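how does the following fold in three dimensions:
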Amino acid sequence: MSPRPARARPPAGDPSVRPATQRLLGRDWRLAVAFVAPAGLLIAGLILFPIVSSVVTSTTERHGAETVFVGLDNYVALIGDRVFHTGVLNSFVFTAYAEIFKVTLGLIAALMLHHMRRGRAVLAGVILLPWVVPTVVTAFTWRSLFDPIFGSVNVLLTDSGIGPMLASIGLVDSWPAEWLSDPQLAMPAVILVNVWKGIPFFTVTFLAGLKAIDSGLYEAAMVDGASPWQRFVHITLPGLRHVMIVTVLLSSIWTFNNFDLIWLMTQGGPGDSTAPYVMVAYSKAIQQLQLGAGAAATLVMLPIIGILVVILVRMMRSSDQPRSGDLGQRRLTPAQRRALPWVIVAVSVLVLIWASPHIVWKAAAVLGFFVLLAALVGRVVSTLAARGNRAAARLVNGVGSGLALVALLAFVLIPLYWMTVTAFKSDDQIVARYSDLWPTPWSTEQFTNLFSGHSFGNWYLNTVLVAGASTLIALVCAALAGYALARLKFRGSESFTVTILLTYVMPGALLFIPLYQMMSGIGLNDSLWSLVVAYPTFTLPFATWLLVGYFKSIPADLEESALVDGCTRFGAFVRIVLPLAKPGLLAVALFTLTNAWNEFLFAFVFITKDDYKTLPVGMQSMIFGDVVPQGQLAAASLLISIPVVLMYAFGQRFLTEGLTAGAVKG
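Numbers count the residues shown, from 1 in each chain. Okay, the predicted model is just below:
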């Protein structure tokens, strides 16, 4: 009897030999559960559940001490709510004009820096300062500058002759201007401040996009005789298309839901001329204690935000699916693709004309001035180069770029300079208005009064504790979840990645009401723990998303070698991956720490006791009615800004490396 032939063994790694649970849930599902659970629980408990809770709350109404179900009555009431309509309109106007100016000026600044051969890194760091300094510092500094009595905007514009000229051509109704108390000027003023703070983000992003464009395309175009304008239209703009869309969508979501900057500068006034819809929701929910009406006011805007978020998610994930970004293009003909941007521009302009007729022509005049000036310089340079006079072309280009750069640096640095010198003036000098631009003599009076008359030291300690604790929580949870999403094989990893990105761009305006309810329900209101618990809602998703990209950039061979040598997966994570991921971890720590350091809305809503206030809320409480301690606010602004600026200065190398790797793979 012949022997039975041996049965062939399945090849190593064959999925058919794995247990049924592994085939169903993935090879690494057990470890993935342990790694993802902390971040998943925080996201579910602090973001997803509060949004569902907010939906439920929006169907209720408070009648005395009782809360009753009212169905859709709160939403129906918004149809005839004039204050809410004005808030939505203000949010749209504020966002539209801010984005137009940030895109235009950010692109001009990025082009100037891109063509610089020396000093680019230094100038980019200087331009980044408005984005780095806390929002509360931005608001109080510009509020001080716009002050008609103690500020210097009117003085400088009057002495230079620009102010009377603006009045003569109708850009302002009268001179000197009442920037924050005139209903016609308050909205343009807060838009200007948002543009000042937002230009660095656009400049740095566009600069990174310009570096990624193949220089060979420009060389080939120059050989073919293309003018600078043609190279800009046919190479630069298409090369920046993806970066522009992602940046504008992300910034639009942030700007549309802005609360802190407008509240700190105008509190929505004069009247309701600058009040965004978020402020209307805050008034209903927190001031009037109608949580249902406030929740409805935020949720009714969810479809608009949702559309922007979905588009943004698809654009940000297109790098992982190279062909997916062309799906929309393949549905349109070439003529339709060319016409689509112009249709969007035309519709936007018509809506702006209807929504803000008193602003649109002024904004067009200011924007047109910058664009025409840049186009004129480019035209002169092109003409001189075409005639063979390259030396003159370089001279004109250098002078034009130099003047534009000086103007940009002046716009960026003057508010910061004003804050610094005001902090070292005496009260007598501030009131008497002598030697406006220089302390005479230098004095530490404001710092002494700040610590003796307020709980500033306590606010500072609270901010350090809250920012440090929330950063530690976000960093640990994000490192575990980011590694699992980047390396481990388990079912649901793609869905969890999309959830992370969705929660990353989810605005805090949708969360502050349900989180306020949650903190009240568990007795954490008016305690630092409420902020430590709430801050991961906006730090954890970003930290996880960035670290997913950074972990993907680390070669997997290093971990596999450690596993072959007998190391466990967790041991390889601790001993191999984390040390190599130090730049990414430091970048995440820097961002989460500064975001927690600067946060205003949650701290403003959750904390009312002076002993538990953080710096942004404490500084806001220093203002009593019309009494604004300009010097003390400047001193406080300087002290709150120094740690953030120093952190960015010392962590710039790690920040750049971490963000670059995260952006490429994330």
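
and the next helix or strand past the helix-or-strand element of the chain with minimal mean pLDDT?
Least confident helix or strand of the chain, by mean pLDDT, DSSP states H and E, is helix 327-330 with a mean of 46. Note on helix 327-330: by DSSP states H and E, the next helix or strand toward the C-terminus is helix 334-355.

what is that following helix packed up against?
Applying 3 or more Cβ pairs under 8 Å, 6 or more residues apart in numbering; DSSP states H and E, one finds that helix 334-355 makes contact with helix 82-114, helix 357-386. In short, each C-beta sits where N, CA and C put it, glycine included.

the stretch 401-550 of the chain: helices as residue ranges?
Secondary structure of the stretch 401-550 of the chain (DSSP state H, counting those that start in this stretch): helices located at 427-432, 445-453, 456-487, 493-505, 512-521, 528-534, 536-553.

give me the distance between the residue nearest to residue 611 when sequence neighbours are not counted and residue 464.
Of all residues not flanking residue 611 in the chain, residue 458 sits nearest, at 6.4 Å (Cβ to Cβ, 6 or more residues apart in numbering). Per Cβ to Cβ, to the nearest Å, residue 458 is found 11 Å from residue 464.

next: residue 580.
Going from residue 580 to residue 464 by Cβ to Cβ gives 29 Å.

ok, residue 244 to residue 480 distance?
Separation of residue 244 from residue 480 (Cβ to Cβ): 34 Å.

between these two, who's got more neighbours?
Legend: neighbour count by other Cβ atoms under 10 Å for residue 244 and residue 480, higher for residue 480 (21 against 18).

was I right to think that one contacts residue 42?
No: if you go by Cβ atoms under 8 Å, residue 480 and residue 42 don't touch, sitting 11.3 Å apart.

on the three-state scheme, the closest residue to residue 102 other than its chain neighbours is what?
The shortest distance from residue 102 to any non-neighbouring residue, by Cβ to Cβ, 6+ apart, is to residue 198 (4.5 Å). When classified by DSSP: H, G, I helix; E, B strand; the rest coil, residue 198 comes out as helix.

quick one: contacts for residue 456?
Shown in contact with residue 456 (Cβ atoms under 8 Å, 6 or more residues apart in numbering): 450, 618, 636, 639.

these: which two are farthest apart?
For these, the maximum inter-member distance is 11.7 Å, found between 618 and 639 (Cβ to Cβ).

more neighbours: which of these two?
Between residue 618 and residue 639, residue 618 has the larger neighbour count (other Cβ under 10 Å), namely 24 against 17.

in terms of secondary structure, what does the helix or strand hosting the more buried one contact?
Using DSSP H and E, residue 618 maps to helix 615-620. Packing partners of helix 615-620 (3+ Cβ pairs under 8 Å, 6+ apart): helix 135-146, helix 456-487, helix 601-606, helix 630-650.

low-confidence ranges in the chain?
Within the chain, the stretches with pLDDT under 70 are 1-20, 22-23, 25, 312-332, 336-338, 341, 505, 651-666.

could you chop it up by domain?
The chain breaks down by automatic domain parsing into domains covering 26-56+444-666, 58-319+365-412+424-439.

out of those, which is closest to residue 344?
Nearest of the domains of the chain (Cβ to Cβ): domain 58-319+365-412+424-439, 11.3 Å.

what sits against the nearest residue to residue 637 once chain neighbours are set aside?
Excluding its sequence neighbours, the residue lying closest to residue 637 (Cβ to Cβ, 6+ apart) is residue 137, at 4.1 Å. By Cβ under 8 Å, 6+ apart, the contact list for residue 137 reads 419, 637, 640-641.

in a markdown table: those, plus distance to residue 363 and neighbour count.
Formatted as a markdown table, the contacts of residue 137 follow (distance: Cβ to Cβ, whole Å; neighbours: other Cβ atoms under 10 Å):
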| residue | distance to residue 363 | neighbour count |
| --- | --- | --- |
| 419 | 27 | 24 |
| 637 | 29 | 26 |
| 640 | 32 | 24 |
| 641 | 30 | 22 |
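
any buried residues in stretch 157-164, and which?
For stretch 157-164, burial by neighbour count (16 or more other Cβ atoms under 10 Å) applies to 157, 163.

for stretch 567-579, same thing?
For stretch 567-579, burial by neighbour count (16+ other Cβ under 10 Å) applies to 567, 569, 572-573, 576-577.

export the residues you listed as a markdown table, with columns for secondary structure and distance to residue 220.
As requested, the buried residues of stretch 567-579 are exported to a markdown table (DSSP: H, G, I helix; E, B strand; the rest coil; distance: Cβ to Cβ, whole Å):
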| residue | secondary structure | distance to residue 220 |
| --- | --- | --- |
| 567 | coil | 50 |
| 569 | helix | 49 |
| 572 | helix | 46 |
| 573 | helix | 46 |
| 576 | helix | 44 |
| 577 | helix | 42 |
